[in-house]
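K.L.:
My questions are about this predicted structure, shown below with the sequence.
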Amino acid sequence: METVTARPASRLWLHLLLFALTVLTTYSAYPWSFGGSEDLQRLRMESLAFSLSLMAILGSHEMGHYVLARLHRVDTTLPYFIPLPFVGVGTLGAVIRIRSRIPNRNALVDIGAAGPLAGLAVALPILYWGLCHSRVVDSPAVQATFPGENSLWVLLRELFTWVMARITHATPAPEEAFTGQMQIIFGDSLLMQGLTRLAVGPLPEGKDVLVHPVVIAGWFGLLVTLLNLLPVGQLDGGHMAFALFGPRARWVGKGVALVLFLLTLFATASWGVWLVVTSKLVGFGHPEVVEPEVPLSRGRKWICALCLAALIGCAMPVPLRQVLS
């Protein structure tokens, strides 16, 4: 006798409510996190442009997963958007719940790749449009250091210096008076560099781009794509790694964790958060598909190669820096 498991009823109202709340929190987050125009009406338009652009990118990413899951008859939910008031960009993104096993490795690649590729398909034209409507301004060159000024190595070194000064009762060095303003510097991926050159041309020395609000949304879209394409566990990239390598994908994920640890140590300590998320919350394992004997098609291997290219194009060792201008 076959046992039928009842699925919970669809709660469309909850998905719509979370979507509306996330529009509100991303709208409110723009002036809170990034400032903007002093003109109130213009600031409202900038916040709305940022919010709608970010929601379009995140929504297309999750709907890519949803549509391909439904095409492969995999039971899944609509996207749940996650609002986050007054912190960062106003959201932790969106997720869907897959409630049944994935039939084979071809379906696994389709479902895993559909999200990042759909998100990129929306993010890239948004970025290009925003860069075309941005301004080139004077900006002093900001030199990168190694190890990075916010790396775990530097932070531990500063902590050690502080502890030794306490122990030895050394006279503290005079504090410098900072009169400048904190400036957020967004990391440059290969895709961002290419789009910037295409939209505004080569930047002379001492020049930078004062970006349109939708560029910030598109940049975060690239960051979301980067994080999801890491070949770890049940991340999107992890789905494709398992489809390609089977149980050996666990070692690929551990290799990525080592890279994240090195970035945390020498580039920026913020990578430590994603290191904990991937290694402790996501994990390195992956459930087997229903039909493991079905071979991976050549077309799906090309899709995996395309996603690897997208991962490389979105990669940036230091996503965000704060410096005094």
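P.N.:
Cool, the structure landed.

K.L.:
show me the contacts for the spatially closest residue to residue 187 that is not a sequence neighbour.
P.N.:
Spatial nearest neighbour of residue 187, chain neighbours left out: residue 316 (3.5 Å); criterion: C-beta to C-beta, 6 or more residues apart in numbering. Every residue, glycine included, has its C-beta placed from N, CA and C. Residues near residue 316 by C-beta atoms under 8 Å, 6 or more residues apart in numbering: 187, 188, 189, 192, 223, 226.

K.L.:
From residue 243, how far off is residue 316?
P.N.:
Distance from residue 316 to residue 243, counting by C-beta to C-beta, to the nearest Å: 26 Å.

K.L.:
same deal with residue 305?
P.N.:
Distance from residue 305 to residue 243, by C-beta to C-beta: 12 Å.

K.L.:
of the two, who's got more company?
P.N.:
residue 243 (26 against 12; other C-beta atoms under 10 Å).

K.L.:
Quick check: closest non-adjacent residue to residue 230.
P.N.:
According to C-beta to C-beta, 6+ apart, the nearest residue to residue 230 is residue 237 (5.0 Å).

K.L.:
per-residue confidence at the residue nearest the centre of the chain?
P.N.:
Closest residue to the average C-alpha location of the chain: residue 224 at 2.1 Å, with C-alpha atoms, centre = their mean. For residue 224, the pLDDT comes out at 95.

K.L.:
Setting the sequence-adjacent residues aside, check what's closest to it.
P.N.:
Nearest to residue 224 is residue 93, by C-beta to C-beta, 6+ apart, at 6.2 Å.

K.L.:
contacting residues around residue 227?
P.N.:
Contact analysis of residue 227 by C-beta under 8 Å, 6+ apart lists 235, 274.

K.L.:
likewise the one 5 residues further on?
P.N.:
If you count contacts by C-beta under 8 Å, 6+ apart, residue 232 has them with 238, 241, 252, 253, 256, 257, 278, 279, 282, 284.

K.L.:
Check residue 54 too.
P.N.:
26, 89, 91, 217, 220, 221.

K.L.:
From the chain's centroid, how far away is the helix or strand harbouring it?
P.N.:
Taking DSSP states H and E as the criterion, residue 54 maps to helix 40-71. A distance of 14 Å separates the centroid of the chain from that of helix 40-71, by C-alpha atoms, centre = their mean, to the nearest Å.
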